[in-house]
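> Take a look and give me a structure for this.
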Amino acid sequence: MAPQLRVPALLPPMLRCPAPAPSAQAGAGEQVRVAVLGASGYTGEEVVRLLALHPNFKVTTLTGDRQAGKHFSDVFPHLLTARDVPPLVKIEDVSWDNVDAVFCCLPHATTQETLASLPAHLKVVDLSADFRLRNVDTYAEWYGGEHKAPELQKEAVYGLTELHREAVKQARIVANPGCYPTSVQLPLVPLLAANLITAEDIIIDAKSGVSGAGRSAKQNLIYCEVTEGINAYSVTRHRHMPEIEQGLSDACGKDVRVSFTPHLMPMTRGMESACYVKLADGASAGELRMHLQERYREESFVHVLPAGQVPQTHHVRGSNHCLIGVFEDRIPGRAIVLSVIDNLVKGASGQAIQNMNLLFGLPEETALLQQALFP
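Numbering: from 1, shown residues only. Model (predicted):
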């Protein structure tokens with residue numbers, strides 16, 4: 001007899017707006033004027049690349065203080081054919097009256113003051129970690145400095161789109177999730193909410209391509225240091241840990257602590273999270289798979305694979321898709337849940353566009369239906 005699906009608990013919203021934001025619908029043919037702050041980094045570049053096919057969003061402003069004055073194709077020659085892309089300018093030189101929406105791709109701890117200074121009419125998706133953690137004291141503990149915009153933090157909505165879609169639609173500021181938290185929460189939040197796995201003894205072994213560390217020159221990221229090897233980093237202290245725990249705790253209504261270890265892989269992009277979980281009494285790995293399949297059946301970007309199929313980073317490269325596989329562990333009462341994404345797309349810029357589409361009343365798949373690049 002097939003296992004009976006358990007009725008999932010309602011997912012509590014991560015972050016709520018205090019009041020619905022004014023309507024900002026973009027009809028067919030209307031142009032939303034977009035600024036990309038920090039466009040000289042990898043996430044900013046990916047936003048521009050993906051928006052090249054967007055029928056409603058037009059990039060009118062690009063900032064990059066150290067690259068100010070340069071054409072975008074001088075900084076990223078592979079985007080030579082991206083038409084009508086403006087040159088880079090400094091943030092202080094932007095005319096905000098000519099901007100409707102902002103993708104903020106600035107480094108962590110620099111976004112708070114920038115967003116606090118922006119006009120209130122702007123819709124913002126922030127790709128840094130500055131507004132992901134509700135508790136500003138937790139932010140200070142993990143990011144090494146006091147939060148400089150606590151009032152904006154109260155307004156921000158956490159933008160893991162498939163789990164918080166309705167809250168995102170009403171937001172003005174969206175905190176785009178981190179790449180590791182995206183790959184972990186998409187499979188585990190529904191399972192915790194449905195009481196199919198326990199909140200205790202969750203182990204996450206995660207691996208990421210080098211692009212996740214950004215474009216800045218660092219010795220540990222040069223070719224000779226990275227190639228032909230694999231290494232764990234930020235062991236027990238990776239900054240994505242409190243974000244993961246915040247989302248998992250909200251899902252089950254109790255404090256969740258996870259064992260999380262990230263690894264750097266000798267590849268450009270891609271991310272895999274192997275999650276080792278304890279089954280709730282009476283649950284099975286097959287029931288976990290069935291529940292996730294039902295939860296994501298209507299989703300465009302999250303796909304649960306059939307039994308026995310192993311998700312691979314090659315199969316999501318360059319796309320906004322997440323693939324999930326569920327396996328019975330050899331240890332009785334445990335299961336292994338595998339999740340893969342492209343860390344720069346679903347783990348960053350693609351999900352940011354998905355959220356911005358929602359902010360302007362557009363189909364969230366707009367400009368994001370590219371298939372994975374393989375081989």
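
> show me where the stretch 1-150 of the chain has helices.
42-51, 72-75, 111-116, 136-143, 150-155 (DSSP state H, counting those that start in this stretch).

> Reformat those into a markdown table and put mean pLDDT next to each item.
Listed next are those as a markdown table, based on pLDDT from 0 to 100:
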| stretch | mean pLDDT |
| --- | --- |
| helix 42-51 | 95 |
| helix 72-75 | 89 |
| helix 111-116 | 92 |
| helix 136-143 | 94 |
| helix 150-155 | 95 |
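
> closest one to S249 among these?
helix 136-143 (11.7 Å; CB to CB). From N, CA and C alone the C-beta is placed, and that goes for glycine too.

> Go through the closest one and flag the buried ones.
Neighbour counts over helix 136-143 (16 or more other CB atoms under 10 Å) mark 136, 139, 142-143 as buried.

> was I right about V337 contacting L186?
No. V337 is beyond contact range of L186, at 9.9 Å (criterion: CB atoms under 8 Å).

> circling back to that earlier point, deepest-packed of the helices of the stretch 1-150 of the chain, please.
helix 42-51 (a mean of 24; mean count of other CB atoms under 10 Å).

> coming back round to it: so what's in contact with V337 and L186 at the same time?
Counting by CB atoms under 8 Å, 6 or more residues apart in numbering, the shared contacts of V337 and L186 are I324.

> More neighbours: which of the two?
L186 (29 against 26; other CB atoms under 10 Å).

> and the more buried one, what is it in contact with?
160, 162-163, 302, 322, 324, 339.

> can you tell me the helix or strand for it?
helix 179-193 (DSSP states H and E).

> Name all residues that make contact with S234.
P262.

> Next: E328.
Contacts of E328 by CB under 8 Å, 6+ apart are 284-286, 335-336.

> Stretch 35-50: end-to-end distance?
Stretch 35-50 stretches 14 Å from its first residue to its last (CA to CA, to the nearest Å).

> what does stretch 41-60 give?
17 Å.

> Tell me how far it lies from the chain's centre.
16 Å (CA atoms, centre = their mean, to the nearest Å).

> same thing with stretch 321-329?
For stretch 321-329, the distance to the chain centre is 18 Å (CA atoms, centre = their mean).

> And stretch 80-95, by the same measure?
With CA atoms, centre = their mean, you get 24 Å for stretch 80-95.

> For it, buried residues please.
So for stretch 80-95, counting by 16+ other CB under 10 Å, buried means 85, 88-89, 91, 94.

> need the helix or strand of the chain with the lowest average pLDDT.
helix 223-226 (a mean of 79; mean pLDDT, DSSP states H and E).

> List the buried residues for that helix?
V226.

> could you point out which element follows that helix?
Next element after helix 223-226 (DSSP H and E): strand 231-232.

> And the chain, split by domain according to the record?
32-177+347-359, 180-345 (automatic domain parsing).

> Can you add distance to A367 and give those back as CSV?
Converted to CSV, those look like this (distance: least, CB to CB, whole Å):
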stretch, distance to A367
domain 32-177+347-359, 4
domain 180-345, 9
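
> for those, which one sits closest to Q370?
Using CB to CB, the domains of the chain put domain 180-345 closest to Q370, at 5.6 Å.

> measure that closest one end to end?
12 Å.

> Other residues contacting the least confident helix or strand of the chain?
210, 219-220, 264, 266.

> So among the residues you listed, which ones count as buried?
Looks like the contacts of helix 223-226 have 210, 264 buried, using 16+ other CB under 10 Å.

> ok, which pair from the contacts of helix 223-226 is furthest apart?
Q219 and P266 (15.5 Å).

> can you map out the strands along the protein?
Here the chain has its strands, by DSSP state E, at 32-37, 57-63, 88-89, 101-104, 123-126, 157-158, 173-175, 202-208, 231-232, 258-264, 271-278, 302-304, 322-328, 334-341.

> about what we covered before: quick one: which of the contacts of E328 is nearest P363?
Distance to P363, by CB to CB, is smallest for G286 among the contacts of E328, at 33.2 Å.

> Give me the neighbour count for the closest one.
Other residues close to G286 by other CB under 10 Å number 14.
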